[in-house]
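Participant: okay, here's the prediction I keep looking at, along with the sequence it came from:
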Amino acid sequence: MAARGGKTFVEEMRSIAMKFHVGEFMDGKWEPTLEGYLQSLVDSQIVFATLENIVLEAKHLAYVELRNTGLERKEKIEKDVIWFQEQGYPIPTPSPSGIAYSSYLEGISMGDPAAFVCHFYNIYFAHTAGGRIIGKKVSNKLLKNHELNFYKWDGELGQLMQNARERLNQIAQNWSTEERRHCLEETKTSFHYSLQILNSIWR
């Protein structure tokens, strides 16, 4: 369903999100640390688990559309945490950044579905883009090219993403202009929380 200017709503979300992307992830100038990456992984685990539990509980009807997209990461991260444990790496507890983002998602999911959808889109779609670049660099630099499950999908990723876009557009089709605007404005908050987690990678 097209939005203003012929764009779909997901295309509008993408346009806003692109303004917040961090260049150093793309140009390869940053150097990850294993300790920092493990912290980021554990924090990502709590965030994705929260997202996926909210969708499964579906306290808003719109969330039903977000189930079983194939983009889910909770079980993939759990496998990676087990692998790191088996290699003898100490696994940190979630940091205040991960806990804060999880709590924020819980809060908005109850009464602000437009904001929640913004976070759902940005978290999952950022992981398929910049997240994969981070994963490749961590694999090359720190893990002797071991490929983590966090960066693997069951099925063709492009098709999974397209299916998710269609579901998100379907949800937004029933929103008012104000709800759409509110969703787009939430992008800045989404990136604020996500960057707090990513910043630990090169500490």
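Facilitator: Perfect, I can see it now.
Participant: quick one: which helix or strand includes the nearest residue to E65 once chain neighbours are set aside?
Facilitator: Setting aside the residues directly before and after it, E65 is nearest to R167 in space (CB to CB, 6 or more residues apart in numbering), at 4.6 Å. Just so you know, the C-beta spots here come from the backbone N, C-alpha and C atoms, and that holds for glycine as well. Assigned by DSSP states H and E, R167 belongs to helix 157-173.
Participant: let's see whichever helix or strand comes after that helix as PDB, backbone CA atoms only.
Facilitator: For helix 157-173, the following helix or strand on the C-terminal side (DSSP H and E) is helix 177-185. Extracted in PDB, the C-alpha atoms of helix 177-185 (Å, rounded to 0.1, in the frame of the first residue of the first chain):
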ATOM      1  CA  THR A 177      -1.900  10.100   9.700                       C
ATOM      2  CA  GLU A 178      -1.000  10.900  13.300                       C
ATOM      3  CA  GLU A 179      -0.100   7.300  14.000                       C
ATOM      4  CA  ARG A 180       2.100   7.100  11.000                       C
ATOM      5  CA  ARG A 181       3.900  10.300  11.900                       C
ATOM      6  CA  HIS A 182       4.400   9.100  15.500                       C
ATOM      7  CA  CYS A 183       5.900   5.800  14.200                       C
ATOM      8  CA  LEU A 184       8.400   7.700  12.000                       C
ATOM      9  CA  GLU A 185       9.300  10.100  14.800                       C
END
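Participant: which SS class is L105?
Facilitator: Secondary structure, DSSP: H, G, I helix; E, B strand; the rest coil: L105 is helix.
Participant: just checking, R132 touches Y151?
Facilitator: Yes. R132 lies in contact with Y151 (CB atoms under 8 Å); the separation is 5.5 Å.
Participant: with neighbour numbers in mind, choose between the two.
Facilitator: Set R132 next to Y151 and count neighbours by other CB atoms under 10 Å: Y151 wins out with 20 against 14.
Participant: list the contacts of the more buried one.
Facilitator: G131, R132, G135, K136 (CB atoms under 8 Å, 6 or more residues apart in numbering).
Participant: got a quick PyMOL command for the buried subset of these?
Facilitator: Per 16 or more other CB atoms under 10 Å, the buried members of those correspond to this PyMOL selection:
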select buried, resi 131+135
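Participant: and of the contacts of Y151, the nearest to L195?
Facilitator: Nearest to L195 out of the contacts of Y151 is G131 (CB to CB; 12.7 Å).
Participant: phi, psi for that closest one please.
Facilitator: Dihedral angles of G131 (phi, psi; degrees, to the nearest 10) stand at phi -60, psi -40.
Participant: name the nearest residue to it, sequence neighbours excluded.
Facilitator: G131's closest residue in space is Y151 (CB to CB, 6+ apart), at 7.2 Å.
Participant: re the thing from before, just the pLDDT at the residue nearest to E65, thanks.
Facilitator: R167 carries a pLDDT value of 97.
Participant: what's the answer for the one 5 residues further on, then?
Facilitator: At A172, the pLDDT value in this model is 96.
Participant: quickly note the distance from the closest residue to it other than its chain neighbours to N149.
Facilitator: Leaving out its chain neighbours, the residue that sits closest to A172 by CB to CB, 6+ apart is F9, at 3.8 Å. Plainly put, F9 is 31 Å away from N149 if you go by CB to CB, to the nearest Å.
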